[in-house]
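In: Below is the sequence, then the predicted model.
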Amino acid sequence: LISSRVINEIRENIKKKKQSLILINRRGYAPIQVCFKCGHVIKCKNCSINLVLHKKLGCLICHHCGEREEINYDCNKCNSKNSIISIGFGIEKIFEEIKKEFYKEKIIALSSDVIKKNNFSKILQDIENNNIKIIIGTQIISKGFDFSNLAKVFILDFDMWFYNSDIRTGERVFQLSQQVSGRAGRRDEQGEVFIQSYYTKNKLLEKIINSDRDLFYEEELAARGKSLLPPYTKMASVVVSGKNLEETKETANNAAVFLSENTLLIILGPIPAPIFFLRREYRYRLILKSKKPFFIQDNLKHMIKHFKYNNKIKLKIDIDPYSFF
């Protein structure tokens with residue numbers, strides 16, 4: 001999980017009595033629990049997503065609805081014993097690996113699970129006093145903190161940042177990498193940032209290394225212009241959700257037909273949302289586009305007023321959406 005280069009750089013840092021920050025933007029221990037005999041993946045019973053192993057809490061957790069299950073290494077599908085294994089890694093697993101290499105050093109893992117606790121101010125004081133040499137943190141530690149002894153930052157899960165359905169992924173990755181880079185080398189000292197990646201030909205990675213913000217903006221805007229994405233068009237999301245699958249699907253299709261009466265409105269979908277089943281409800285998504293300001297809002301107001309559907313079905317409207325799950 002952690003390259004020898006990263007290990008050696010941390011070791012050098014410790015010799016100089018400096019601190020290292022490891023960024024891993026995944027809570028828990030491992031995101032996938034799978035049976036190695038039949039391939040069954042343990043999913044949330046309320047949502048169509050995997051349960052995440054949290055070793056420290058001793059359970060599996062859904063990061064969307066909060067559902068918890070006991071850890072069970074026997075497969076409920078094929079009844080195999082001790083066949084459930086963990087795939088992927090989160091902050092707890094990285095902590096475990098780092099602790100093996102640097103067992104004499106004081107190491108802290110910081111995520112929202114820890115920060116909610118009352119002892120967080122003491123943890124921050126220990127970091128500031130250089131009592132903790134290795135800080136492992138999720139995105140929550142990437143901004144807003146100023147640690148004077150922090151000399152090196154390591155981004156371990158860079159490749160995984162791109163696996164989502166957000167059209168602003170490139171923008172967010174560039175921004176986050178710049179923010180976390182700002183944690184290293186505070187005061188008068190020069191800091192260093194290391195990005196661990198399996199795909200070094202990533203064009204965005206090249207711009208991040210060169211801190212080439214202007215080129216990134218230029219190319220990102222050109223790509224969005226070709227695809228009619230913000231800021232060149234207004235966009236809205238309509239999510240239709242309900243407990244009855246067929247009724248939800250039919251309502252989503254009817255909503256698309258109703259909106260398509262206006263030929264100046266670009267309608268994409270409906271299609272199953274990336275998280276199709278969430279909190280025990282089925283979800284279909286429509287994306288609306290228009291070059292005219294407020295044109296989408298006017299059409300959606302008309303839809304809210306005149307579109308007829310069963311009151312057991314929910315319509316969630318999001319103007320200029322930032323989330324596409």
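Out: Yep, that arrived.
In: Which residues are in contact with residue 195?
Out: Neighbouring residues of residue 195 by CB atoms under 8 Å, 6 or more residues apart in numbering: 155, 158, 177, 205, 208, 209. All C-beta atoms are positioned from the backbone trio N, CA, C, and that covers glycine.
In: so who does the fourth one touch?
Out: I take that to be residue 205. Residue 205 touches 158, 195, 197, 199, counting by CB under 8 Å, 6+ apart.
In: Which of those sits closest to residue 13?
Out: Set against residue 13, the nearest of the contacts of residue 205 by CB to CB is residue 195 (16.4 Å).
In: quick one: the closest one and residue 26, what's the gap?
Out: Separation of residue 195 from residue 26 (CB to CB, to the nearest Å) stands at 16 Å.
In: Most neighbours among the contacts of residue 205, please name it.
Out: residue 158 (21 neighbours; other CB atoms under 10 Å).
In: Verify the stated contact: it with residue 198.
Out: No: with contact defined as CB atoms under 8 Å, residue 158 does not count as touching residue 198 (9.0 Å).
In: in the stretch 51-200 of the chain, which segments are predicted with low confidence?
Out: Flagging of the stretch 51-200 of the chain using pLDDT under 70 yields the residue ranges 114-118, 142-145, 182-188.
In: Can you show me the helices along it?
Out: Here the stretch 51-200 of the chain has its helices, by DSSP state H, counting those that start in this stretch, at 91-101, 112-115, 120-128, 169-181.
In: what comes up buried for the longest one?
Out: Spelled out, it's helix 169-181. 170, 173, 174, 176, 177, 178, 180, 181 (16 or more other CB atoms under 10 Å).
In: Out of the helices of the stretch 51-200 of the chain, the one nearest residue 75 is which?
Out: The nearest among these, by CB to CB, is helix 91-101 at 21.5 Å.
In: what's the offset of the closest one from the middle of its chain?
Out: Distance of helix 91-101 from the chain centroid (CA atoms, centre = their mean, to the nearest Å) equals 21 Å.
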